[in-house]
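# Here is a sequence with its predicted model. Questions after.
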Amino acid sequence: MAVLMQQELNVLKKELLTLGAEVEGRVKQAVQALLTGDRALAEQVKGGDDQIDNMEIELEEECLKILALHQPVATDLRFIVSVLKINNDLERVADFAVNIADRALDLDATNKIDCPYDIATMAQLVEKMIKMALDSLVERDSTLARETIHLDDEVDIMHRGNFSRVKEAIRTNPDNLDGLIYYLSISRYLERMGDLATNIAEDVVYQVDGEIIRHGGIQNFPS
């Protein structure tokens, strides 16, 4: 029974990594569509959301099946709990990628205006966080996961600055309200992606080190 469960856990890990790679790709495509005004690519991101949703559902069902059949404990239980949470976070990242694709289409349909903040730099940092979180998952590297968590402060600072810049731009050019609101929502979507990458990294720390570090707290669990 233990051998069978380990085989199923290995399959679970492969499926989670496949989902992670898919989601990471969708984020890159959504940002590229936004920066280049590529409507076809934006539509492609939107059209692929059902695939991500189906992968998330299948992975959750696999986790629940293993829990019911094998009743794992200690390290194996921590792994499955982490997979369930990371699975959900990845699906939400993909949803925000769709939201960015939607805003790219909205911006293409409005009067062209310059973004009052540096979208490319913020997007690069968020993409870096997602990659680091997924790499820490693959390598079971809690040090890399903790480095990912620290980057979230930079994203939060960027978002607060973006809010101020958009607010000032609206005050100066009220005729550009619609486009500026789209840019503000994009900053918010990127900030939320950073939060979700942080969640994934925190779950890697839990999985590897047995520590719950959400909300600034630390609680240790036995192996």
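Done, it's in.
# for the spatially most central residue of the chain, helix, strand, or coil?
Nearest to the geometric centre of the chain sits residue 93, at 3.6 Å (CA atoms, centre = their mean). Secondary structure assignment for residue 93 (DSSP: H, G, I helix; E, B strand; the rest coil): helix.
# In contact with it: list those residues for me.
Residues in contact with residue 93, defined by CB atoms under 8 Å, 6 or more residues apart in numbering, are 23, 27, 130, 193, 196-197. (C-beta placed from N, C-alpha, C; glycine too.)
# for residue 145, same thing?
Applying CB under 8 Å, 6+ apart, the residues contacting residue 145 are 132-133, 136-137, 201-202, 204-205, 208.
# roughly how far apart are it and residue 206?
Taking CB to CB, to the nearest Å as the criterion, residue 145 is separated from residue 206 by 9 Å.
# cool, residue 176 as well?
For residue 176, the distance to residue 206 (CB to CB) stands at 44 Å.
# who's more crowded, those two?
With neighbours defined as other CB atoms under 10 Å, residue 176 and residue 206 compare such that residue 206 has more, 22 against 18.
# Now do the contacts for the more buried one.
Residues near residue 206 by CB under 8 Å, 6+ apart: 78, 81-82, 212-213, 221.
# which stretches of this structure form helices?
Applying DSSP state H to the chain gives helices spanning 2-36, 39-47, 49-70, 74-108, 119-139, 142-172, 177-209.
# Let me have those in CSV, extended by mean pLDDT.
Below are these laid out as CSV (pLDDT from 0 to 100):
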stretch, mean pLDDT
helix 2-36, 92
helix 39-47, 97
helix 49-70, 94
helix 74-108, 94
helix 119-139, 94
helix 142-172, 97
helix 177-209, 96
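# now, of the ones you listed, which is deepest in the fold?
Of all the helices of the chain, helix 177-209 carries the top mean neighbour count, a mean of 22, counting by mean count of other CB atoms under 10 Å.
# Could you figure out how far that helix is turned away from helix 142-172?
In terms of direction (axes from the mean of the first three to the mean of the last three CA atoms, to 10 degrees), helix 177-209 departs from helix 142-172 by 170 degrees.
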